[in-house]
Structure formats: structure tokens, C-alpha cells
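# Need coordinates for the below:
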Amino acid sequence: MRANGPPAAHLALVASSLIISVGALRLPVADPELQNLTKRGAAHLRGAQAAEAEQNSTDEENSTGAADWPVPDNRTDVQSFKAVVDCATSVQNSSCVQYATGLHNSTGRPSNVRVQNFTATSALTDEEGSNPLVFMHMPFSFGHTLERIAMMPPTSDMNEYANVMVHATAIQARTYKLVHDVQHLREDLLEFTGRPDAIFWGHAHPQLMDYTGVTGFSCPLAFTPQVYWAEEYLQSYFGKQPLVFGLLRNPYERLVSIFRSGAAGYANSSSESYSRYLDTCDVNGWVRDSLQKFTDGAGVKGKSFDSCLFFPQSAYFAGPHGIKLAVDARKFPQSMNQVLHEHGLPDLQIKEQDIVQGLAVCDHVWAGSLTANVKDLIQKVYRSDFLLLCKHFGYCDFNEPSCISGVPGNCPGKVLAKELRKAGHSKEESRNIKYRRRLMLEHDIRVPGAELDHAIRRFR
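Residues are numbered from 1 along each chain as shown. From the prediction side, this is the model:
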């Protein structure tokens, strides 16, 4: 079940949200070893090209002869198939993608869609088929961080995860009208690159990369409130008797993070209008403009990506598959690590360097930068979210600004020390953490260690 969506725009948004540059979309070409053409491969490719020409003659200038495409032998090992997927998603040519799909079927892999065996919590499913813990990805709630540690090997880094996700999304986007076996390509790519006991939560689940279509929203299903999902998706992803959890974030702080992401598509603005606010770090002007568009219905009627981005978080708590276990984003990642440990996943622990968050610009801006009038507007639009924060965590002062001290760059320097002290750190510990964060952000150091400790001493 697929629906039309804006593939090119969505790919750019995926890349931005995963903190990777546009250059990362220039994916690697296939392994040179795969240049040995076989008769079966060449014949299949000719058939794929013929089908493409029949469906869309306007792509003729992009078509490529059979000899230009890599055709692997009958090997079914991971490296061989991944190379073909690299080929399939690294070029704007549907023939290569169709060929990769045909190769998948010709190398002895199952031809039936394995949806029933590809549940979000396969590693957690008990004997009765119940999924005790299922993640719901509300946009800008550290979902990519959680998805990465649940799916990827511990030795992987953010770039590896980003490339896998861009590959998988590209398969959907570029083969939407052309290939009927997209699901297999996605599943195999994720399984090949994931850890042996991988859990495919949220946007990392192959079905949830689809656009919702039926609801009129153009964002992926992974970011769409569950009440809008078709029944087949609900059953496939959540399984039986799920404990659905999600990270609940302060609306002030969440909106500021969207603004600071530096991605115009995520920020509900054209590049020109967003840049106007960004040049002066005018978060108040941007919030007023964005929420006005959202409440006027432009985000939904215009079928733009922000129709899901600006949903109140309370929308994801609604319905029989709504979030039942709210995790305190203000105490992230400690709060999330505690939940994972308590629910049988002690090996999935989020470290500081694992956190994916796109705080790219205006590092002095935080929730405390919002004016009283703008905060009143946010409270009006997101009143239900504030009520959830009060109900679950006792944060009942709706005017209180907050930031997340456990996330590098989320709190300005002048606020970080105060927040760290609130979290129980000593004055000396707070000072060291502050220096560590500053160096990590300024020098893009992702793995704290002896090198960083030495730099801290020199910096101080």
C-alpha cells in the first residue's frame, strides 16, 4: 500500500534530520567485482529497461545500456547484495533499481512479503506474539537516536546509520511506481546492516517509510499519529498487546529545536523566508509565522511535511495504539536508558555521543528566548501537551522555560551549569561537563576519550 509523496523533498529532509550533508547523498557506486555480466542478468536488465520505457518515455535520456550496470554472480552473501543496493540507490535511474529487485528474486531469497515476520519488536516478541515495548516516533523527540541504537551494531557510527536510512528511503522514493517488490529490498538492506538482534523501531521499520496518502499527509507513516494509520499497518508494527512508548518534550523547547535545526523543510518555511528569520536568530518571528500557518490549516491542506511536524504530541497518545508510557525528554538520555533497562534491554544504552539532534545554528537561543506573547500562542496551540507534562511528570508551571542538560548544545552555556546542578551534579562536575560539551561541538568530537580529556585540560 503506497501513496504519492514528494520523494526529492523527503530525501532532503531525511538527510537533514540525520545530521548529514547533501554530499552524503552521493552514494557509493557498486563493487568493481560485480562487473562480470551474466546472460541471465543482462536479459533481466533488458526486460527492466523495456518496462521502464513503456511506463515513462520521458526517462529516456537517463537510461543506460546493460553493459554499464553491475550484475553479480549467484552469490547471496551480504557484501554482494549490498553492493547491488548501493548501485540501485546511488543513481537516478529506475532500471538499476528494477534490476536489483529482480536479482533479489533470482538468488533464492523468499519472494513473499515477510511483513508478519518483520515486526517492530521482533527481538522482544514473546511466545504469544505480544510486543511489550514499541516505540512511537514523534518528530523531534530523539527518535533517530533511539532507532539507531536499536537497529545498528554498537560499533557503528551516525554516518553509517544515516547512509542506511537514506538508502532505504531512496528505494521507496525512486521505485514508487515502478517496482512491486520494494518491501524486500528495504527489509534485506536493513537486516544486512543491522545487528543480529536488531529492533526496527519507527522510521527504521520498512513499512513505516511509506507515505500516508490516505490521510492527505505527505509525511512518512512513522511520523503520522497512529489514529490515521490503516489497520494493516497497525497490526504489522504494533503486534498484540503492545506497550507503546514515546518521549514527551516541552513544546517551547521542542519548537526552538526545530528552529535551530537549520533545515527549512523541517522549519515549515521556504528557504528564503526561513533564512530571513535565521539570519537574525528571530525564533519568535518564526514561531508566530509557523503556528499561524499551522492553525490556518496550511500545513494540512497544503499537504506539506510540516503537517505532521507541528502536530501536538498529544495526538500520538490517542486511540488504542496511542502512547501509554511517556518518557521524560527533559531528563534524556538518562530517562530513556532507565526505561530500556527496566524493560529487558540493558544493552541498549544511549551515550552522549549517540544523540542525534540537529542544533546547527543560533546556539544562544533557547526556550528562555521566547517572548510572553509567543509563549501564550504556544500554550494555546499545545495546551494538551502541557497538560500531559503536568500529568506524567509534574511539570505544571506552563510558563517555565526548560532545556535538556543531557543533550550537547541544547542548553546555552549560561544555562547549562544551572541545569546540571539541578540534575544533581556537583559544581566541579558541572564545570567539566560544560567544557567537554563545548569542545565536542566546536571540534566535532563524537567519541569522548583520552584525546578529549587532554583537550579539556589544555582548554582550561
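# from what I can see residue 317 touches residue 388, true?
Yes. Here residue 317 reaches residue 388: they are 6.7 Å apart, a contact under C-beta atoms under 8 Å. Where C-beta positions appear, they are placed from N, C-alpha and C, glycine not excepted.
# Overlap of the contact sets of those two?
residue 326 (C-beta atoms under 8 Å, 6 or more residues apart in numbering).
# Identify the residue nearest residue 329 in space, chain neighbours excluded?
Counting by C-beta to C-beta, 6 or more residues apart in numbering, residue 249 is the residue found nearest to residue 329 once chain neighbours are left out, at 4.0 Å.
# Contacts only, for the one you found.
138, 140, 141, 313, 329, 330.
# Can you tell me which of those residues end up in strands?
Members of the contacts of residue 249 lying in strands (criterion: DSSP state E): none.
# Can you go through these and name the buried ones?
Buried subset of the contacts of residue 249 (neighbour count, 16 or more other C-beta atoms under 10 Å): 138, 140, 141, 313, 329, 330.
# Against residue 395, how distant is the second one?
Spelled out, it's residue 140. Applying C-beta to C-beta, to the nearest Å, the value for residue 140 to residue 395 is 18 Å.
# The fourth one too?
Residue 313 sits 13 Å away from residue 395 when distances are taken as C-beta to C-beta.
# just the helices in the stretch 301-450 of the chain please.
For the stretch 301-450 of the chain, applying DSSP state H, counting those that start in this stretch gives helices covering 306-309, 334-342, 372-381, 383-393, 413-422, 427-443, 450-459.
# Show me which positions of stretch 394-405 end up buried.
395, 398, 401, 402, 403, 404, 405.
# Output those as JSON lines; include the columns distance to residue 200.
Supplementary listing: the buried residues of stretch 394-405 in JSON lines, determined by distance: C-beta to C-beta, whole Å:
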{"residue": "395", "distance to residue 200": "32"}
{"residue": "398", "distance to residue 200": "36"}
{"residue": "401", "distance to residue 200": "36"}
{"residue": "402", "distance to residue 200": "31"}
{"residue": "403", "distance to residue 200": "31"}
{"residue": "404", "distance to residue 200": "26"}
{"residue": "405", "distance to residue 200": "30"}
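# show me what contacts residue 149?
Going by C-beta under 8 Å, 6+ apart, the list of residues near residue 149 reads 348, 349, 350, 354.
# same question, residue 252
By C-beta under 8 Å, 6+ apart, residue 252 lies in contact with 367, 370, 375, 378, 401, 402.
# Averaged pLDDT, the helix or strand in which it is found. What do you get?
Secondary structure from DSSP states H and E places residue 252 in helix 251-260. In this model, helix 251-260 has an average pLDDT of 93.
# about what we covered before: which one of the contacts of residue 252 is nearest to residue 239?
The nearest member of those to residue 239, counting by C-beta to C-beta, is residue 402 at 34.3 Å.
# Number of residues surrounding the closest residue to the closest one other than its chain neighbours?
Distances taken as C-beta to C-beta, 6+ apart put residue 250 closest to residue 402, at 5.0 Å, once the chain neighbours are dropped. By the measure other C-beta atoms under 10 Å, the count of residues near residue 250 is 27.
# what do you get for the one 10 residues further on?
The tally of other residues near residue 260 (other C-beta under 10 Å) stands at 23.
# wait, isn't it in contact with residue 362?
Yes. Applying C-beta under 8 Å as the test, residue 260 and residue 362 come out as touching, 5.4 Å apart.
# hmm, back to that, which one of the contacts of residue 252 sits closest to residue 210?
Of all the contacts of residue 252, residue 378 has the smallest distance to residue 210: 31.1 Å, by C-beta to C-beta.
# wait, what's in contact with the closest one?
Listed by C-beta under 8 Å, 6+ apart, the contact partners of residue 378 are 251, 252, 255, 287, 291, 370.
# what does residue 319 give?
Each residue near residue 319 by C-beta under 8 Å, 6+ apart is listed here: 225, 226, 227.
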